[in-house]
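K.L.:
Mind folding the following:
(one chain, ligands or ions: 2)
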Amino acid sequence: MIPLVIKQIATIVNGTSYHLPDEELAINEICTDSRKITDQSLFIALVGEKFDGHLFAKQAIDDGAIAVIVNRKIDDDIPQIVVNDTYIALGQLAEFVRDQSSAKFVALTGSSGKTSVKEMTANILQQCGETLYTQGNFNNDIGVPLTLLRLKKQDQFAVVELGANHIGEIAYTTRLVKPNSALINNIALAHIEGFGSLDGVATAKGEIFEGLADNGIAIINLESCSDNWLAMLKNKTVWTFSIHNFSADFYASNIEIMDQTTFTLHTPIGDSEITLPLVGEHNISNAIASSALAISVGATLTQVKKGLAESKSVKGRLYPVRLNQTQLIWDDSYNANVGSMSAAIHVLATQPGYKVLVVGDMAELGNDANIYHQQIGELAKQQNIDCVVSVGQLSELISQFSGVGHHFIDKQSAVDYLLNLLRLHPTLTMLVKGSRSAKMEDLIVEIQTKI
Ligand code: ATP
Ligand code: MG
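P.N.:
Numbers count the residues shown, from 1 in each chain. Ligands and ions are numbered 1, 2, ... in the order given. Alright, predicted model coming up:
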């Protein structure tokens, strides 16, 4: 991280210090997880619904932390800085570190594909210089400051994923990041219970532009955008992308999808023949979005081409699990909403052999959850999926409306059924997907051990 001296920290967070060491000690890391304290770190005691970091403050010092930041004075002589709100202190430190950095920052949000776009953009920008990027899915109001706190002096680029499950969350994180460019990948029916409607989703995602630098570039998807954003962006440069719409600034043509994807990428700085080692039309859209984001901070077409060619699928997100030469499972079990479930069905429809969709429930869809599950069943039917296997409650509707469904109340029975299908169909492609709570990856593990 960019070095911070312990006394300087007390000033940044406007806290009252007790028992701090006299020396000008620099801290190596900022930790909020008491199980992951490192030597010479600073521990920030956050308070969550289920935990209170203050209970671990003393332990953190015993484990090697130089000092702790707390909301209330700990009755002990441990080095501590007392503030009003440790959550705000975390943000203040992140903002301070961000302001020390001379890197170019890009931020991105959207309903689906954020992590995919983040990884692809990071792949491209790593061709240009040292790049910090969000680890895993650290995209919320705690994860984003922790990401910024990992910045190093030599970083030339930073790619930051912003997620939200409540209004105001992205407004907060984007103000910390102050991106030079900001992108909304798409809006879809995800986390509906939190936002109320698609307009609510658009408003929540649109907050990303509130942090955009004055001369910053906003990037939006022509196929999935909101008029309100354009009003917000009246005085900003706006770039558009789209898979098929040739009036966008960034788009694709000559698309060919086999077990990898090739297409011509069109951009304002020229065209390039792209090979993407991923499948799915949605990943082409993600690749175009990543190109726009990377080019907005100076990447060349050669760097875009090289970075995209090195993209790898992320576990749980259309990740290929090959059982043998002719039988393949696409592990898309990381999460699901209506948009990503539809994208997955379109991928499965292009695959060889007997096509099996294995689905769990899509969570957090609010009052109309039944209708959305029915619609997914109808889409599976329309796309000629050969067999739907569902596990869960709402997903029974997917089976029912697909016309080719088999519903199971437990995963074990579903696995037995799937093993039988694998015996019956020598050429078979299976796609496994559901919301995080459905843990559909369990079925893949079982199939692999039992086959
Ligand atoms: P989270 O909200 O959990 O952080 P995310 O937005 O980061 O998710 P990814 O992890 O990249 O999204 O992808 C999750 C799933 O969304 C993928 O498995 C894929 O099925 C689907 N997906 C990815 N990109 C798109 C896209 N552009 N449009 C629709 N669905 C997509
Ligand atoms: Mg993500």
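K.L.:
use CA for all of it now, contacts and neighbours both
P.N.:
Will do.
K.L.:
The closest residue to ligand 2 within the chain and ligand 1, how far apart?
P.N.:
Going by CA to the ion, ligand 2 is nearest to Thr115 of the chain, at 4.0 Å. Per CA to the nearest ligand atom, to the nearest Å, Thr115 is found 4 Å from ligand 1.
K.L.:
swap in Cys387?
P.N.:
From Cys387 to ligand 1 the distance is 19 Å (CA to the nearest ligand atom).
K.L.:
What of Leu230?
P.N.:
21 Å.
K.L.:
Make sure I have this right: that residue is in a helix.
P.N.:
Yes - assessed with DSSP: H, G, I helix; E, B strand; the rest coil, Leu230 lies in a helix.
K.L.:
Model confidence at the closest residue to Gly129 other than its chain neighbours, what's the number?
P.N.:
Residue nearest to Gly129 in three dimensions, not counting chain neighbours: Gln156, with 5.8 Å by CA to CA, 6 or more residues apart in numbering. Per-residue confidence at Gln156 stands at 98 (pLDDT).
K.L.:
tally of neighbours for Gln156?
P.N.:
Neighbourhood size, Gln156 [other CA atoms under 10 Å]: 19.
K.L.:
ok, now Gln40?
P.N.:
Gln40: 18 surrounding residues under other CA under 10 Å.
K.L.:
Now do it against ligand 1, distance only.
P.N.:
Distance, Gln40 to ligand 1, using CA to the nearest ligand atom: 31 Å.
K.L.:
if I read this right, that residue contacts Gly64, doesn't it?
P.N.:
Yes - in this structure, Gln40 is within contact of Gly64 by CA atoms under 8 Å, at 6.0 Å.
K.L.:
count of neighbours near the residue of the chain closest to ligand 2?
P.N.:
Look at Thr115: counted by other CA under 10 Å, it has 25 neighbours.
K.L.:
right, and the helix or strand after the helix or strand harbouring it?
P.N.:
Applying DSSP states H and E as the criterion places Thr115 in helix 114-125. Next along the chain after helix 114-125, taking DSSP H and E as the criterion, comes strand 131-133.
K.L.:
do that following strand and ligand 2 meet at all?
P.N.:
No - judged by CA under 5 Å from the ion, strand 131-133 stays clear of ligand 2, getting no closer than 12.2 Å.
K.L.:
The helix or strand immediately after that strand in the chain and ligand 1, are they touching?
P.N.:
Next along the chain after strand 131-133, taking DSSP H and E as the criterion, comes helix 143-148. No - remark: helix 143-148 sits outside contact range of ligand 1, by CA under 6 Å from any ligand atom, the gap being at least 11.5 Å.
K.L.:
What is helix 143-148 packed up against?
P.N.:
Judged by 3 or more CA pairs under 8 Å, 6 or more residues apart in numbering; DSSP states H and E, the packing partners of helix 143-148 are helix 86-100, strand 157-161, helix 169-177.
K.L.:
Give me the distance between it and the centre of its chain.
P.N.:
Distance of helix 143-148 from the chain centroid (CA atoms, centre = their mean, to the nearest Å) equals 13 Å.
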